[in-house]
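J.: from the sequence below, what's the structure:
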Amino acid sequence: MPEDPGLRRQISCYIAAVRTHYLVVLFFTLIVYFPRLCLSYLVFFFAQFLRFLARLTGIATGRPVANRRILVITDYLPPQTHGIAIRCHAYVKEMRARGHEVIVFATAYEASKETSFDHPNIPAVVNPFNLNNRIGYSPGVKLAWYLGANTWDVVHLVYPSLIGGFVLTACAWRRIPVYCSHHVEMDMFANHLVPYRSVVNFAILAYNIIGKWPAVRWGTLNAAPTLCFARDHLGAENEATLRAVPSGTHDVFTPEKATPTERRDIRLAKFGVDSEDVKVTLMVQRLSDEKGTEHVFPAFVPKKEGGQGVQGVLAICGDGPSKASLIQQANALKLRVVFLGNVPHHDLPSIYRSADCFVTMSLSETFGLTSLEAMMCGCPAIMPYCAVFDEIWTDKTPKSWHYRIESVEELAKAISEGHSGRKWLAEHPVKMTWGMASEELLRQYEECIKMNEKHKQTLKGFVSQFDH
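T.: Numbering: from 1, shown residues only. Prediction:
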């Protein structure tokens with residue numbers, strides 16, 4: 001009897017999922033994580049002991065300087081292609097341009113851009129749910145040494161992170177202020193990615209113990225891209241120490257065309273469109289279940305077939321595990337959809353400028369950088385009503401560009417309004433750059449440092465006795 005190739009494939013996929021998603025995580029948690037964590041603490045306290053000896057021998061440390069000494073710890077930097085990586089890289093670049101000493105520890109970085117201030121060597125494993133990302137599972141010896149031996153004005157810890165507990169306890173010991181920024185709705189993503197409720201509950205509890213709860217307890221300030229997400233994720237009872245981490249985008253995202261014929265050239269080459277009468281609706285996102293990309297299709301289905309009959313081309317930039325199924329759905333519905341794959345970040349401005357409107361179906365965003373990028377390029381952004389988008393955009397965009405996620409009719413109407421919205425956006429331009437965001441971030445760092453002064457004075461009074 002011939003073997004069923006479909007069944008064999010299903011069994012192989014299940015074995016691979018168990019091996020990749022759960023056994024690896026279990027192995028690193030129980031066998032690798034705790035021994036390496038103990039080693040990190042040992043290195044940290046050894047560095048502190050040597051620093052103490054330096055005091056005894058008359059070497060004064062921690063003298064005030066004109067710039068700030070900032071330590072950024074993150075799992076997210078390019079070549080990873082999501083919003084957190086873009087955000088972290090932009091912060092670092094802008095703060096260094098302002099003369100601050102910014103040291104970065106990360107799980108990966110682009111070799112061509114790496115400097116002596118960058119340390120992409122946090123011990124990490126491949127993220128089993130997003131193979132293009134890496135998850136730091138231990139602080140590592142080098143980070144432990146830097147935390148124990150060097151002087152820092154502030155530490156910026158980027159979440160999600162599995163090493164937050166170590167960093168926060170080390171900084172609490174040294175009275176170093178810590179700015180914790182949280183960028184992912186863990187509960188929502190966990191339920192989307194893992195089908196087993198018991199596994200989800202255990203994972204969330206473990207993350208809270210080693211990550212989120214230490215941030216609430218020892219973080220000087222906790223921030224998120226929006227205050228509504230910060231309250232929901234960290235608790236409204238902590239309102240006094242919650243902030244909105246500033247957001248922006250790069251200066252290349254502008255309405256000005258690179259060449260006089262840019263719009264026509266891009267529309268023809270990328271969208272297959274050679275007429276301004278054919279409207280192009282654009283989506284830019286990771287193609288995964290939590291983004292809800294497939295929910296846009298009914299708006300483009302002809303009315304005689306039960307859809308809303310939005311005319312034109314739907315162009316989708318991005319890649320991910322849902323891409324194959326999205327292509328199948330689009331073909332089955334006979335829709336005019338162009339899948340552009342991953343588009344390099346520096347090529348996106350011309351794509352935005354050449355589309356007629358941008359749309360997102362995602363309710364999982366903590367900010368939504370692509371919506372801002374589109375607006376900065378003069379492309380109207382259509383988005384669902386939700387706490388995050390409402391906080392950011394309610395007073396900046398027409399109400400007609402928003403829709404209820406459950407209403408395909410409202411979505412179709414909003415897209416049609418967006419197709420004719422470039423003139424309004426030209427008269428009401430949006431400008432939120434990373435330079436502006438970094439200035440605000442530095443102001444929040446100063447607030448963080450000032451809040452920590454009282455805690456620092458106790459330690460400073462003791463330590464100063466050893467300075468000559």
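
J.: give the contact list for the nearest residue to residue 225 once chain neighbours are set aside.
T.: Computed as Cβ to Cβ, 6 or more residues apart in numbering, the closest residue to residue 225 that is not its neighbour in sequence is residue 367, at 3.4 Å. Heads up, the C-betas are built off the backbone N, CA and C, glycines and all. Taking Cβ atoms under 8 Å, 6 or more residues apart in numbering as the contact definition, residue 367 lies against 83, 225, 226, 247, 388, 392.

J.: which segments of this protein make up each domain?
T.: Domain segmentation of the chain under automatic domain parsing yields 10-248+438-466, 262-427.

J.: and the ones you listed: which comes nearest residue 255?
T.: Judged by Cβ to Cβ, the one of the domains of the chain that comes nearest to residue 255 is domain 262-427, at 3.5 Å.

J.: the closest one: how far from the chain's middle?
T.: Using Cα atoms, centre = their mean, to the nearest Å, the mean C-alpha position of domain 262-427 is found 20 Å from that of the whole chain.

J.: okay, buried residues for the longest helix along the chain please.
T.: Secondary structure of the chain read by DSSP state H shows that its longest helix is helix 434-463. If you call a residue buried by 16 or more other Cβ atoms under 10 Å, then helix 434-463 has these buried ones: 434, 437, 438, 441, 442, 444, 445, 448, 449, 452, 456, 463.

J.: now the helices for the stretch 101-250 of the chain?
T.: 140-149, 164-174, 186-193, 197-207, 213-218, 227-234 (DSSP state H, counting those that start in this stretch).

J.: weakest of those helices by average pLDDT?
T.: Ranked by mean pLDDT, these bottom out at helix 186-193, which scores a mean of 72.

J.: what's the angle from it to helix 197-207?
T.: 150 degrees (axes from the mean of the first three to the mean of the last three Cα atoms, to 10 degrees).

J.: which other helices and strands does helix 186-193 contact?
T.: In this structure, helix 186-193 packs against helix 197-207, with contacts taken as 3 or more Cβ pairs under 8 Å, 6 or more residues apart in numbering; DSSP states H and E.

J.: for the helix it packs on, packing partners?
T.: Helix 197-207 sits against helix 186-193, with contacts defined as 3+ Cβ pairs under 8 Å, 6+ apart.

J.: for residue 110, what are its contacts?
T.: Residues near residue 110 by Cβ under 8 Å, 6+ apart: 77, 78, 79.

J.: what about 7 Å?
T.: With contacts taken as Cβ atoms under 7 Å, 6 or more residues apart in numbering, residue 110 has the following neighbours: 78, 79.

J.: in CSV, list the domains of the chain along with distance to residue 256.
T.: CSV is the format used below for the domains of the chain (distance: least, Cβ to Cβ, whole Å):
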stretch, distance to residue 256
domain 10-248+438-466, 18
domain 262-427, 8
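
J.: ranked by average pLDDT, which of the ones you listed falls at the bottom?
T.: domain 10-248+438-466 - the lowest mean pLDDT of these, at a mean of 86.

J.: just the residues contacting stretch 298-305, thanks.
T.: Applying Cβ under 7 Å, 6+ apart, the external contacts of stretch 298-305 come out as 307, 308, 309, 310, 314, 333, 335, 408, 411, 412, 415.

J.: mind picking the two most distant members of those?
T.: Distances among these were taken as Cβ to Cβ; the most separated pair is 333 and 415, at 16.3 Å.

J.: of these two, who's got more company?
T.: Neighbours of residue 333 and residue 415, each counted by other Cβ atoms under 10 Å, are more numerous for residue 415; the result is 27 against 16.
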